[in-house]
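Q: sequence unknown, structure follows:
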């Protein structure tokens, strides 16, 4: 669906842990998927098409200035979201390939594979992805005049009560019941 990619391969590599020797094809495919499946869902088709048209105009005319509100959206919110979305979604593409011999695992003779720890890496990037996703959603809602109650929160696996019951804690300590 995307006609243009919003980030360059260089931008992704300079702002993440992705090495220089990663195939540009893998980055482009992953970025396109993220833009189509994640970003468009968050910002809506109308705004997505506006951003896309701005980038197409910029590609066609190098003197064209991208609209300031779109530039703020892209530089301050979308860029980081897309980078961490790529980091979250690229591990399977890097480790497995479809060939005429079936699905094969790709390895480097000098590299040590992390094996089952790939899920830990994905969890690490999921937290960052969710944080940037929430930040982007809040910005879009603020721009559209929506309250933050429409934003679904993200989970890091920790539950923190929003407001502790101070009276209950004081009574528990006073009566030494141990409840909190």
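A: In hand now; what should we look at? Not measured: the values here are computed from a predicted model.

Q: Could you check how far residue 70 is from residue 171?
A: Counting by C-beta to C-beta, to the nearest Å, the separation of residue 70 from residue 171 is 55 Å. The way it works is simple: take the backbone N, C-alpha and C, and place the C-beta from them, glycine included.

Q: the more surrounded of these two?
A: When neighbours are counted by other C-beta atoms under 10 Å, residue 70 comes out ahead of the other of residue 70 and residue 171, with 16 against 12.

Q: same for the helix or strand hosting the more buried one, what does it pack against?
A: Mapping residue 70 onto the secondary structure by DSSP states H and E places it in helix 68-73. When contacts are defined as 3 or more C-beta pairs under 8 Å, 6 or more residues apart in numbering; DSSP states H and E, helix 68-73 sits against helix 45-60.

Q: related to what we said a few turns ago, can you tell me the average pLDDT over the helix holding residue 70?
A: Averaged over helix 68-73, pLDDT sits at 92.

Q: Can you list the neighbours in contact with it?
A: Under the contact criterion C-beta atoms under 8 Å, 6 or more residues apart in numbering, helix 68-73 has outside partners 43, 50-51, 54, 139, 143.

Q: Using PyMOL, define a selection of the buried residues within these.
A: Selecting in PyMOL just the buried members of these, where the criterion is 16 or more other C-beta atoms under 10 Å, is done with this command:
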select buried, resi 43+50+51+54+139
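
Q: can you name the two of the contacts of helix 68-73 that are farthest apart?
A: 54 and 139 (17.1 Å; C-beta to C-beta).

Q: Show me where this structure has its helices.
A: Counting by DSSP state H, one finds helices in the chain at the ranges 9-14, 24-34, 40-43, 45-60, 68-73, 79-89, 91-95, 118-143, 166-175.

Q: could you point out where the chain is predicted with low confidence?
A: Applying pLDDT under 70 to the chain flags residues 1-2, 98, 102-117, 145-164, 166, 177-180.

Q: how about 90 then?
A: Along the chain, segments meeting pLDDT under 90 span 1-3, 17, 19, 21-23, 37, 41, 44-45, 62, 88-180.

Q: what sits against residue 20?
A: Contacts were defined as C-beta under 8 Å, 6+ apart; by that measure residue 20 touches residue 13.

Q: Which one, of the helices of the chain, ends up nearest to residue 3?
A: Using C-beta to C-beta, the nearest of the helices of the chain to residue 3 is helix 45-60, at 6.0 Å.

Q: Not counting the closest one itself, show me its contacts.
A: Outside helix 45-60, the residues that touch it by C-beta under 8 Å, 6+ apart are 2-4, 6, 39-40, 43, 64, 66-67, 70, 73-74, 78, 140.
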